[in-house]
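Engineer: Quick check, what structure comes out for this input:
(one chain, ligands or ions: 2)
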Amino acid sequence: MFGSGSSCGLPVLLTDVYCKTLLVLNKPRYIACLHYLWGKTMGKKRVCIVGSGNWGSAIAKIIGKNVRDRSELFEETVMMYMYEELVNGRKLTEIVNTEHENVKYLPGIKLPDNIVAVPDVVEASKDADILIFVIPHQFVKTTCRSMAGKIKKDAVAVSLIKGFDQTPEVGIQLISTVIHDMLNIDCAVLMGANLAHEVAEEQFCETTIGAATEEEGNLIKEVFETPYFRCSVVTDAQTVEMCGALKNVVAIGAGIVDGLKMGDNTKAAVIRLGLMEMVAFGEMFIPGCTRETFFESCGVADLVATCHGGRNRMLGEAVVQSEKTLKELEKEILHGQSFQGPLVAREIYSMLELKNLTERFPLFTAIHQICKREMDPRDFIECLRNHPEHL
Ligand SMILES: NC(=O)C1=CN([C@@H]2O[C@H](COP(=O)(O)OP(=O)(O)OC[C@H]3O[C@@H](n4cnc5c(N)ncnc54)[C@H](O)[C@@H]3O)[C@@H](O)[C@H]2O)C=CC1
Ligand SMILES: O=C(CO)COP(=O)(O)O
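Structural biologist: Residues are numbered from 1 along each chain as shown. Ligands and ions are numbered 1, 2, ... in the order given. The predicted model follows:
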């Protein structure tokens, strides 16, 4: 559970009492009192954000404000690891720390001035109690390798990363498992229908925290929740994370339908069949996967949001309309941001192929093959027509 890296009695007992009391109290004044006592007894927690792209910067806006508003619980300064680069000849960290705006990945949005961009991940994370991971999933292992052995032993992690890791030896792994195994710390997740620019503009949305226990999830909620960013907690954390990764693939399918100039009915079919494959995938590979989790923001809501407004949808559309490579399209459309869907499609395809399951998951399979330019996008509709759900 949260902070349970040290298994010694009193802190664990106090955490437990604190969390249980939080659950039964619903008056802000009592909660504030409890926070104060908690901070005095347990010490304030230091938060570090590992990542500073489009979503990393949007969530930094929320976290910076929340730690200030909940100063009895959290240290005010939040270190944000930033992969250094030059923007118009200036270091991006320097721009963020002086202008309080990530002009490359989230232009037009001011960040609180207690967010400090740091180009060295060890420097940023070594004193943190809570590590928020929000980098494209292909960079997780190199980042964790730099951090291993150099962070607090009782730190806890929350992953906002929507993807998998995949190696020939181990096959597919959840990113939270990679973080847990490489850093030897607990890792919860937060996933939902959260297009970064809308969250940054404070438009109302929901999200799902997946944690080992409800108590741990409720503590994590203190870092993230605002009146416009509503967090619900579930303990089926692996399904929450799986949904976040797989919906990126379905969203490419929605984009392919747009590229083919087909309408909302066809897109709805992609969303429904994609959801059915997500559920089947979860029930096959995630122990304890429950169907209710798909009704949370991380499930059907994120699927709908990404199939309409996500970057992966844009990629699907572009793949139909252009002959360019994915790398060229990424550069042209996203200017440094990253499409996660094609990588996830490749990761799951290799596993489905190994297990002889490609026919059971024709939508995931077709999307991978279209991204690889091994299938004509116009054949996508045939794939929908002949889906096992219709047989
Ligand atoms: N953007 C969005 O609306 C949302 C994104 N997510 C997820 O959050 C995760 C992060 O996405 P974004 O913040 O949007 O990132 P992004 O798509 O903006 O990616 C660019 C980021 O990657 C960094 N980067 C480039 N090379 C790197 C390297 N070698 N090592 C470490 N970092 C490097 C860049 O500096 C930049 O911060 C992804 O898994 C994504 O699926 C989740 C919810 C919403
Ligand atoms: O995960 C997201 C919204 O919840 C963002 O999806 P895209 O990466 O497709 O933009």
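Engineer: what does the host helix or strand of Met278 contact?
Structural biologist: Following DSSP states H and E, one finds Met278 within helix 264-285. With Cβ atoms under 8 Å, 6 or more residues apart in numbering as the test, helix 264-285 has contacts from 172, 239, 242-243, 246-247, 249-250, 253-254, 256-258, 260, 289, 291, 293-294, 299-300, 303-304, 307, 348, 357, 360-361, 363-364, 381, 384, 387, 389. Heads up, the C-betas are built off the backbone N, CA and C, glycines and all.
Engineer: Is the one helix or strand Ser350 maps to positioned near ligand 1?
Structural biologist: Here Ser350, judged by DSSP H and E, is contained in helix 341-354. No. Under the criterion of Cβ under 6 Å from any ligand atom, ligand 1 is not reached by helix 341-354; the shortest gap measures 8.7 Å.
Engineer: Which elements pack onto the next helix or strand after that helix?
Structural biologist: Sequence order places helix 362-371 as the next helix or strand after helix 341-354, per DSSP H and E. Judged by 3 or more Cβ pairs under 8 Å, 6 or more residues apart in numbering; DSSP states H and E, the packing partners of helix 362-371 are helix 237-259, helix 264-285, helix 311-321, helix 341-354, helix 380-385.
Engineer: what helices or strands is the fourth one leaning on?
Structural biologist: To tie it back to what came earlier, the one meant is helix 341-354. Using 3+ Cβ pairs under 8 Å, 6+ apart: helix 341-354 touches strand 164-167, strand 171-174, helix 237-259, helix 311-321, helix 362-371.
Engineer: And for the shortest one?
Structural biologist: Under the contact definition 3+ Cβ pairs under 8 Å, 6+ apart, helix 380-385 sits against helix 237-259, helix 264-285, helix 362-371.
Engineer: What residues of the next helix or strand after the second one count as buried?
Structural biologist: Next in sequence after helix 264-285, counting helices and strands by DSSP H and E, comes helix 302-309. Counting neighbours by 16 or more other Cβ atoms under 10 Å, one finds that the buried residues in helix 302-309 are 302-308.
Engineer: can you pull the pLDDT of the most centrally placed residue in the chain?
Structural biologist: With distances taken as Cα atoms, centre = their mean, Leu160 lies nearest the centre of the chain, 2.7 Å away. Listed pLDDT for Leu160 reads 98.
Engineer: ditto for the one 10 residues further on
Structural biologist: Per-residue pLDDT puts Val170 at 87.
Engineer: how many neighbours does it have?
Structural biologist: 11 (other Cβ atoms under 10 Å).
Engineer: for the one 3 residues further on, same thing?
Structural biologist: One way to gauge burial is a neighbour count; for Gln173, by other Cβ under 10 Å, it gives 15.
Engineer: Same check on Asp264?
Structural biologist: Asp264: 11 surrounding residues under other Cβ under 10 Å.
Engineer: ok, for Lys61, nearest residue in space, not its chain neighbours?
Structural biologist: Of all residues not flanking Lys61 in the chain, Leu111 sits nearest, at 5.5 Å (Cβ to Cβ, 6 or more residues apart in numbering).
Engineer: That neighbour and Lys104: what is the separation?
Structural biologist: Separation of Leu111 from Lys104 (Cβ to Cβ, to the nearest Å): 13 Å.
Engineer: Compare these two and say which one has the larger neighbour count.
Structural biologist: Neighbour count, other Cβ under 10 Å: between Leu111 and Lys104, Leu111 has more, with 26 against 20.
Engineer: I'd guessed the more buried one sits against Ser57; true?
Structural biologist: Yes. Counting by Cβ atoms under 8 Å, Leu111 does reach Ser57; the two are 6.6 Å apart.
Engineer: what's the nearest residue to Ser76 if we skip its chain neighbours?
Structural biologist: Quick fix: residue 76 is Glu, not Ser. Using Cβ to Cβ, 6+ apart, the closest residue to Glu76 is Asn114 (5.2 Å).
Engineer: And for Lys247?
Structural biologist: Take Lys247 and drop its neighbours on the chain: the residue closest to it by Cβ to Cβ, 6+ apart is Leu303, 4.4 Å away.
Engineer: so which helix or strand takes in the residue in the stretch 1-150 of the chain that ligand 2 sits nearest to?
Structural biologist: Proximity of the stretch 1-150 of the chain to ligand 2 (Cβ to the nearest ligand atom) peaks at Trp55, 7.1 Å away. Assigned by DSSP H and E, Trp55 falls within helix 54-69.
Engineer: Any regions of the stretch 1-150 of the chain where pLDDT drops low?
Structural biologist: Counting by pLDDT under 70, the ranges of the stretch 1-150 of the chain that qualify are 1-41.
Engineer: no no, the stretch 151-300 of the chain
Structural biologist: For the stretch 151-300 of the chain, no stretch has pLDDT under 70.
Engineer: Next, the contact list for Val189, please.
Structural biologist: 158-160, 176, 209-211, 237, 240-241, 244.
Engineer: wait, is it part of a strand?
Structural biologist: Yes. Assessed with DSSP: H, G, I helix; E, B strand; the rest coil, Val189 lies in a strand.
Engineer: For ligand 2, see how far away it is.
Structural biologist: 13 Å (Cβ to the nearest ligand atom, to the nearest Å).
Engineer: Flag every residue of this structure that's near ligand 1.
Structural biologist: Residues of the chain lying near ligand 1 (Cβ under 6 Å from any ligand atom): 51-56, 83, 105, 134-137, 139, 143, 160-163, 194-196, 336-338, 340.
Engineer: Filter those residues down to just the buried residues.
Structural biologist: Buried, going by 16+ other Cβ under 10 Å: 51-56, 83, 105, 134-137, 143, 160-163, 194-196, 337-338, 340, out of the residues of the chain next to ligand 1.
Engineer: so how far is ligand 2 from Gly282?
Structural biologist: As defined by Cβ to the nearest ligand atom, Gly282 lies at a distance of 17 Å from ligand 2.
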